[in-house]
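A.B. asks: 3D, please:
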Amino acid sequence: MGTMSRIRFGIVGSGWRSACYLKTAALMGDTCAVTGVVSRSEETRAAIAAQWGVQAFRTAAELADGNGADFLFVSVPGNAVTGVLKDLMPLGIPLLVETPPASTVEELLALNEAARNGGARIQVAEQYALQPMHSARLALIASGEIGKPAYAHISVNHSYHNVSLIRKYLGIGFENAEIRASSFSAPVIDGPGRGGDPTAEEIVNPEQQIALFDFAGKRALFDYESNQHRSWVRTQRILVRGERGEIADGKVRYLKDFLSPVHAEMERVQTGGEGNMEGYFLKSVNLADRVLFRNETAPARLSDEEIAQARCLLRMKEYVETGKDFYSLAEASQDTYLAIMMRTAIATGSPAITATQVWAR
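C.D. replies: Numbering: from 1, shown residues only. From the prediction side, this is the model:
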């Protein structure tokens, strides 16, 4: 990380996700600097300054005034995003927005119109496709070994996060879909939450959502149980199938030719074990002698989630300097829209048919 230019960004919002990015920035060392955090609460501003050693401001305008930020990371509740972004756009600073960018289709339309009319520079911090294993799978798909993906079973995270992975794994842009969906509940012992580990054994009944997305022949199964991504007794599942093979979690099967099957498994190359003295960090994800993912945040000691957050910041820095999108407002709007339509299908019990929206044009 030592050769890259320093990332300087401010944070608007003081909730749980803001703290995640403060921690990731701190772990990235001299590569990254938080120029300030905005919070309306005087008590919260004092706590942030004390805990993280950064300046805290009452308004974004105060933070932006000569503070030297490359961009602002906006992390506020979903129902407040549209209003906050409209207030920030006149400042002329690029904005990295936490998911979702809005809560309803009407808000998505209003936000896209405001961004277009105001010439706003916006990217969205959808980090899941930037996690090491997802990045490695996507690199393998791009190489063509399994052929063109036509089916994916994705069970990773809720709502638009799962949808974003479906689109990435299937190579879907803004194509419309027919969505059939339902939900049910089943008991499980509660696990950790945002606040930490459970304090007692408790049986809960989380919602399980199952949806079939049909993108004119490319199909995906959306599969997620509430809080699954934090559970100690629930796992994620990723299956992507093309005509030449498949990826099932970390296992890969494909045909070198029609008589020559290849079976292999992705390997995480982690330093710091046994006699290795490089430090403790993920170096790469390999398939045999091939590097599918090389960790650009090394040697920072980051979890996979923190690596993905750091890669969002790195790509936002590149976007500010070059204008190259990495996850645009249009993409985020599409994933949020598809998730909203999935919930509509669950609520009505009937298939939901999507329509081309303004951001896709």
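A.B. asks: please parse the protein into its domains.
C.D. replies: Split into domains by automatic domain parsing, the chain comes to 7-124, 129-300.
A.B. asks: what's the distance between the most far-flung residue of the chain relative to its centre and M89?
C.D. replies: In the chain, the residue that sits farthest from the middle, by Cα atoms, centre = their mean, is L259; the gap is 38.7 Å. Using Cβ to Cβ, to the nearest Å, L259 is found at 59 Å from M89. For glycine as for every other residue, the C-beta is placed from the backbone atoms N, C-alpha and C.
A.B. asks: how about Y151?
C.D. replies: Y151 is 40 Å from M89, by Cβ to Cβ.
A.B. asks: so the two - more neighbours on which side?
C.D. replies: Higher neighbour count among Y151 and M89: M89, with 19 against 16, using other Cβ atoms under 10 Å.
A.B. asks: A helix includes the more buried one, no?
C.D. replies: Yes. Secondary structure of M89 (DSSP: H, G, I helix; E, B strand; the rest coil): part of a helix.
A.B. asks: the helix or strand encompassing S182 - what's its average pLDDT?
C.D. replies: Per DSSP states H and E: S182 is located in strand 178-185. Mean pLDDT, strand 178-185: 98.
A.B. asks: just stretch 324-342 next, same as before
C.D. replies: Here the average pLDDT along stretch 324-342 is 97.
A.B. asks: for the protein, which residues score under the pLDDT cut-off?
C.D. replies: For the chain, applying pLDDT under 70 flags the ranges 1-4.
A.B. asks: for it, just list every one of the helices.
C.D. replies: For the chain, the helices defined by DSSP state H occupy 16-27, 42-52, 60-64, 81-88, 105-118, 132-143, 159-170, 304-322, 329-348.
A.B. asks: need the contact partners of the fourth one.
C.D. replies: The one in question is helix 81-88. Helix 81-88 has contacts (Cβ atoms under 8 Å, 6 or more residues apart in numbering) with 12, 60, 72, 74, 76, 95, 97-98, 100-103, 107, 110-111, 114-115, 120, 122.
A.B. asks: and it with helix 329-348, angle?
C.D. replies: Counting by axes from the mean of the first three to the mean of the last three Cα atoms, to 10 degrees, helix 81-88 lies at 160 degrees to helix 329-348.
A.B. asks: could you pull out the buried residues of helix 81-88?
C.D. replies: 81-82, 84-85, 88 (16 or more other Cβ atoms under 10 Å).
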